[in-house]
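Sequence plus predicted model, see below.
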Amino acid sequence: MMDRYAVIGNPVDHSLSPRIHAAFATRTGEDIEYGRLEAPADGFAGAARRFFAEGGKGLNVTLPFKLDAWRWVESHDDAAASAGAVNTIVVDSKAIRGCNTDGIGLVRDLLDNLGWGLDGARTLVLGAGGAAQGVIEPLKLAGATDLTIANRTLRRAQALAARFGVASAGLDEVGCGWDVVLNATAAGLAGVGGLVATDVVSVSRCYDMFYSLDGATPFCRWAAEQGAGAVSDGLGMLIEQAAEAFYLWRRVRPDTGGIAEALRAGA
Ligand code: ATR
């Protein structure tokens, strides 16, 4: 029987992960099956337990289950431990292990695909929820400087910043002069792109951790209109975090080149 993997979430029907992992399987010659698993909002543990009891080999975890997954697994890798969230579950003979590849996925997209250097780059993260939490430590490790978390609710930014030893601010009090500005808020889901004053982003490279297949998320559109130096959505991050998960499961690193373009072209 083929080794079985899936992405678990709610909703999960629009997830691109099955297409991405199918492309990796073809490119690497690995014979795997990768599906979608929708669990009820309060039913993560039951669905995950059943999946592994039936022989499943690994799960990707997406919204809203990354914290449930963190609590459910038996051990954590360093990235998951520091993020406090799990996006990849690996099962081996010893344990069910929770990993987090979101941070490495973001850093690879920024460095390798976009060529946006992070070493010494003044970096601002917008948002202080789960999406922000997973990327602060990897950004620090990549050499980001003056790392600052800005959030609509200031005390959430302060709490997260204290945990990681970085600076915090309210969205309405952020200074300017950033090399890189990352959107980790959920504001785009409500169609909101303009989160900070124009001069915060007008000369910066702006990255949205969310994506849309046309690349034009509300934050990307808004940042481009403010004159940002460069703009990217987060499709590359999604593909790179998937590649790292694939590596954790199969010990083979898939070539990610061209996959974003193929997905955007509707392939
Ligand atoms: P997630 O786990 O997806 O990050 P979350 O924990 O609910 O979800 O966090 C959502 C983030 O988006 C928060 O930083 C939130 O700001 P608040 O902490 O002030 O709620 C931010 N956010 C959501 N909608 C927003 C909006 N319209 N404008 C600005 N920030 C917004």
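Received the coordinates, thanks.

Flag every residue of the chain that's near the ligand.
The chain comes close to the ligand at residues 127-131, 151-153, 156, 185-187, 190, 192, 195, as judged by C-beta under 6 Å from any ligand atom. The C-beta positions use only the backbone N, C-alpha and C, and glycine is treated the same way.

give me that answer again for 8 Å
Contact residues (C-beta under 8 Å from any ligand atom) of the chain with the ligand: 63-64, 66, 126-133, 151-153, 156-157, 171, 184-187, 189-190, 192, 195.

And the helices in the stretch 101-250 of the chain?
Secondary structure of the stretch 101-250 of the chain (DSSP state H, counting those that start in this stretch): helices at 102-108, 130-133, 136-141, 154-164, 198-201, 218-225, 235-250.

worst average pLDDT in those?
The weakest mean pLDDT among the helices of the stretch 101-250 of the chain belongs to helix 130-133, with a mean of 91.

Not counting its own residues, what contacts that helix?
Residues outside helix 130-133 that contact it (C-beta atoms under 8 Å, 6 or more residues apart in numbering): 66-67, 83-85, 102, 125-126, 149, 151, 160, 184-186, 209.

May I have it as PDB, with CA atoms only?
Extracted as PDB, the C-alpha positions of helix 130-133 are listed here (Å, rounded to 0.1, in the frame of the first residue of the first chain):
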ATOM      1  CA  GLY A 130      -0.600  32.400  15.400                       C
ATOM      2  CA  ALA A 131       0.800  33.300  12.000                       C
ATOM      3  CA  ALA A 132       3.200  35.900  13.500                       C
ATOM      4  CA  GLN A 133       4.200  33.600  16.400                       C
END
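
tell me the contacts of K66?
By C-beta under 8 Å, 6+ apart, the neighbours of K66 are A85, V86, N87, G130, G134.

For the fourth one, grab the count of nearby residues.
What it means is G130. Taking other C-beta atoms under 10 Å as the criterion, the count of residues near G130 is 19.

Check the first one too.
Applying other C-beta under 10 Å, we find 22 residues neighbouring A85.

One more: the one 10 residues further on?
By other C-beta under 10 Å, the residues close to A95 number 11.

Would you report the backbone torsion angles of it?
phi -160, psi 170 (degrees, to the nearest 10).

what about it, distance to A47?
Taking C-beta to C-beta, to the nearest Å as the measure, A95 falls 19 Å from A47.

Most proximal residue of the stretch 1-150 of the chain with respect to the ligand?
G129 (2.1 Å; C-beta to the nearest ligand atom).

any weak-confidence spans in the protein?
By pLDDT under 70, the weakly predicted segments of the chain are 267.

Fine by me, we can end here.
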